[in-house]
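Q: below: sequence and its predicted model.
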Amino acid sequence: MRPAYWRRMDVAARRLTPFGLTLILVVLNVVPLHVPALAMVFPVLPLIAIYHWAIYRPELMPYYAVFFIGLLQDILTNMPIGVNALVFLGVHGAVISQSRFFTGKSFAIVWLGFALVAAAATLANWVLISVYNMALISPGAVFFQYLLTLGCFPFFAWVFLRWQQTFLEHG
Amino acid sequence: MKFRLHPVSQVTAPIKSLAQRFALVGFIALSFAMMLSGKADISLIERIRVQASDAVAPILDAISRPVATVTEIADQLEELSQIQAENTRLKKDRAQLLQWQTVARQLEAENKALRGLLKFSPPPKATYITSRVIANAVGAFAHSLLLNVGAPDGVKKDQAVTTGKGLIGRIASVGNRSSWVLLITDLNSRIPVVIESTRTRAIMAGNNSDRPRLIHLSPGAMVSPGERIITSGHGGVFPPGLAIGTVSSVSDSGIEIQPFNDRRRVEYVRILDFGDESLIRPAPFSSSPSSARPSSGRPSSARKDGKKTP
C-alpha cells in the first residue's frame, strides 16, 4: 500500500517538472548577469521551454500552466500583462496542432521549426507592444532578441531532452 | 476495469478535446481582456504586478546575490591585470581634480555670500535609500529594474533613482518588499531636461534603445554634441540638476543622448527621498518671510512626516 502511494507521488512530482523548469527559466531570465553582451537584450528562454514541451510532452503542459507562465513572464519583464500569456498560448496551440509533423523529426528540423515559431511569436509581440504603446518599437533590438533566443535553443533543448530521458521516461 | 476503459474513453475523448479547445480560446480571450484592462484601468493590473513582484522578490534576491559575487570577483581579476595603467590614469585625473577643487571652493564661498545677500532658501536636502537591483528586465520591449526595497523602507512612486554617475530612472510602482524602476531609456519615459551650458529646455524621451532622444526643443535652439544634459526640475517630479548624459549626435532624425549610466552594470542604486511632496511645492522665495519657515528645519520635519506615513 505505502510503496504504491509513494510511487504515485513520485510520478506526480516528475510530471510537474516541465512546468517547474519553465517557471525557473522565467525567473532566471531576469536575474541581473552584468554581462554586457547579454544584458543588452535577454533571450526569451521560456519560449524555448513552451515549444519543447508542446512537442514532446504536451499533456504535461496544460493551457492554464502556459497561461500562468506567460503572466509571470509579463510581470517580471514589466511588459503589459497578457501579452506574453497570449503569445505563449498561441505558440503552444500552434505546435500542438502540428504535432504530427514533429513526431520523429531530427533535431535540425525541430530547431528550424523553432526558428519559424519564434519568428512568428516575436513578430506578434512586436505588433502587440507597438499597438499597446501607440509607438513603433525599434525593430533592431527585437531582431537581436530573436537571434539570441534562437542561439540559446540547442543548449536548453538538449537539457530538456536529457531531463525527459532521465526523469520522465516512465512517467 | 480494463474492458470498461474503452467505451468510457470513446465518450470522453471528444469531450476532452472539445474542452481543451474551449480552454485555449478561453485563455486567449482572458489574455486579451487583461491587456485591455491594463490599458484602461491601470490600478488593478498594477496591483497584480506589484503583488506578484513582491512574491517573487525574495527568490530573485537570493539568486542575484551569488551571481553578483561571481561578477564582482571577475571584475576584480580584470582590474588587477590593468592596475598599472589605471594608476597612471588616476594620478593624472587627481591633478586635474585638484584644480577643479580650488575652483569649486571659490565658487562655493562666492555662492554662500550671494545667497546670504539674497536671503535665498536652499532646496530641501535629500536623504538616500540604497537598494540592490534584483531583476534586470531590460529587453527589446521594456527597460525596467526591480529593486529589493518597498514602501516600508520609505520608497514612494515617482522618486528619482540615481547611481553615482547620474539619473537612471524613476520609481514606477512600489510594493511591500520590491519596487519597479522605469529606466530613462524606456519607451514610456519622458523627463524634462535642460542643456547645461545653454539652459535650453527640452523633454528627453526614451525609445527602448540605448540612446534616448530630445524632443520638444524650443525652436531655434542650438545643440551640439558633447553638451551635458541635466534634469530641469520642471513638473516637480525630479529635483533640478541631476546629471543624465551628454549629447552624442545631432542629426535630422533627432538629437541622441548618451546616458552616463551603463544600465548593464548597475548593481546598486540610490533612491532620492525629499520627504513629503517637498519638490512639488515651490520653495518660498524672498517674497515670503524666511523666518516663518526656517530653511534648515523644513527638510528634517518633512522627513519625519515621511517616516510616519508608511
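A: The structure has been received and is ready for your questions. Numbers count the residues shown, from 1 in each chain, chains lettered A, B, ... in the order given.
Q: show the low-confidence segments of the chain, by residue range.
A: You didn't pick a chain, so chain A it is. With pLDDT under 70 as the threshold, chain A has low-confidence stretches at A:1, A:34-40, A:170-171.
Q: you looked at the wrong chain, it should be chain B
A: Filtered on pLDDT under 70, chain B yields the residue ranges B:1-9, B:122-123, B:275-310.
Q: quick one: the strands in it, in order.
A: Using DSSP state E, the strands found in chain B span residues B:127-138, B:143-147, B:160-163, B:166-174, B:179-183, B:190-195, B:201-205, B:213-215, B:228-231, B:243-251, B:254-259, B:268-273.
Q: packing partners of the second one?
A: Counting by 3 or more CB pairs under 8 Å, 6 or more residues apart in numbering or on different chains; DSSP states H and E, the packing neighbours recorded for strand B:143-147 are helix B:42-81, strand B:127-138, strand B:166-174, strand B:179-183, strand B:268-273. Every residue, glycine included, has its C-beta placed from N, CA and C.
Q: need the winner for burial among those.
A: Highest mean neighbour count among the helices and strands packed on strand B:143-147 (mean count of other CB atoms under 10 Å in any protein chain shown): strand B:179-183, with a mean of 27.
Q: packing partners for that one?
A: In terms of contact count using 3+ CB pairs under 8 Å, 6+ apart, strand B:179-183 is assigned the packing partners helix B:42-81, strand B:143-147, strand B:166-174.
Q: try 7 Å
A: When contacts are defined as 3 or more CB pairs under 7 Å, 6 or more residues apart in numbering or on different chains; DSSP states H and E, strand B:179-183 packs onto strand B:143-147, strand B:166-174.
Q: quick check, central residue of chain B?
A: In chain B, the residue lying closest to the centroid (CA atoms, centre = their mean) is B:Gly169, at 1.9 Å.
Q: nearest to B:Glu86, of the helices and strands packed on strand B:179-183?
A: strand B:166-174 (22.1 Å; CB to CB).
Q: got the angle for that closest one vs strand B:268-273?
A: Following axes from the mean of the first three to the mean of the last three CA atoms, to 10 degrees, one obtains 70 degrees for the angle between strand B:166-174 and strand B:268-273.
Q: distance from the chain centre to stretch B:101-111, please.
A: The gap between the average C-alpha position of stretch B:101-111 and the chain average comes to 31 Å, counting by CA atoms, centre = their mean, to the nearest Å.
Q: same list (the helices and strands packed on strand B:179-183) but as CSV, adding distance to A:Ile137.
A: As requested, these are exported to CSV (distance: least, CB to CB, whole Å):
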stretch, distance to A:Ile137
strand B:143-147, 11
strand B:166-174, 18
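Q: and the contacts of stretch B:151-162?
A: Residues outside stretch B:151-162 that contact it (CB atoms under 7 Å, 6 or more residues apart in numbering or on different chains): B:129, B:149, B:167-171, B:173-174, B:176, B:179, B:181, B:237-239, B:242, B:269-273, B:306-307, B:310.
Q: close to chain B: what parts of chain A are there?
A: Neighbours of chain B within chain A, by CB under 7 Å from any CB of the partner chain: A:27, A:30-34, A:36, A:39-42, A:63-64, A:67, A:75-83, A:85-86, A:89, A:93, A:125, A:129, A:132-133, A:135, A:137-138, A:141-142, A:145.
Q: of these, grab the buried ones for ChimeraX.
A: Applied in ChimeraX, the following selects the buried portion of those according to 16 or more other CB atoms under 10 Å in any protein chain shown:
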select /A:27,30,31,32,33,34,39,40,41,42,63,67,75,76,77,78,79,80,81,82,83,85,86,89,93,125,129,132,133,137,141,142,145
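Q: restricted to helices, list the residues of chain A next to chain B.
A: For the residues of chain A next to chain B, the ones inside helices are A:27, A:36, A:39, A:63-64, A:67, A:75-76, A:83, A:85-86, A:89, A:93, A:125, A:129, A:132-133, A:141-142, A:145, with DSSP state H as the criterion.
Q: can I get the strands of chain B in TSV with distance to B:Ala52?
A: Below are the strands of chain B laid out as TSV (distance: least, CB to CB, whole Å):
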stretch	distance to B:Ala52
strand B:127-138	12
strand B:143-147	11
strand B:160-163	21
strand B:166-174	11
strand B:179-183	11
strand B:190-195	26
strand B:201-205	29
strand B:213-215	32
strand B:228-231	31
strand B:243-251	31
strand B:254-259	29
strand B:268-273	21
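Q: of those strands, which is nearest A:Gly151?
A: Using CB to CB as the criterion, the shortest distance between A:Gly151 and the strands of chain B is 18.2 Å, found for strand B:127-138.
Q: is the closest one anywhere near chain A?
A: Yes - counting by CB under 7 Å from any CB, chain A has neighbours in strand B:127-138: B:Val133, B:Ala135, B:Asn136, B:Ala137, B:Val138.
Q: list just the nearest of these to A:Leu150.
A: Comparing those against A:Leu150 with CB to CB places B:Val138 closest, at 19.4 Å.
Q: possible to save the helices and strands packed on strand B:143-147 as JSON lines with distance to B:Ser17?
A: Putting the helices and strands packed on strand B:143-147 into JSON lines (distance: least, CB to CB, whole Å) gives the following:
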{"stretch": "helix B:42-81", "distance to B:Ser17": "32"}
{"stretch": "strand B:127-138", "distance to B:Ser17": "37"}
{"stretch": "strand B:166-174", "distance to B:Ser17": "41"}
{"stretch": "strand B:179-183", "distance to B:Ser17": "41"}
{"stretch": "strand B:268-273", "distance to B:Ser17": "51"}
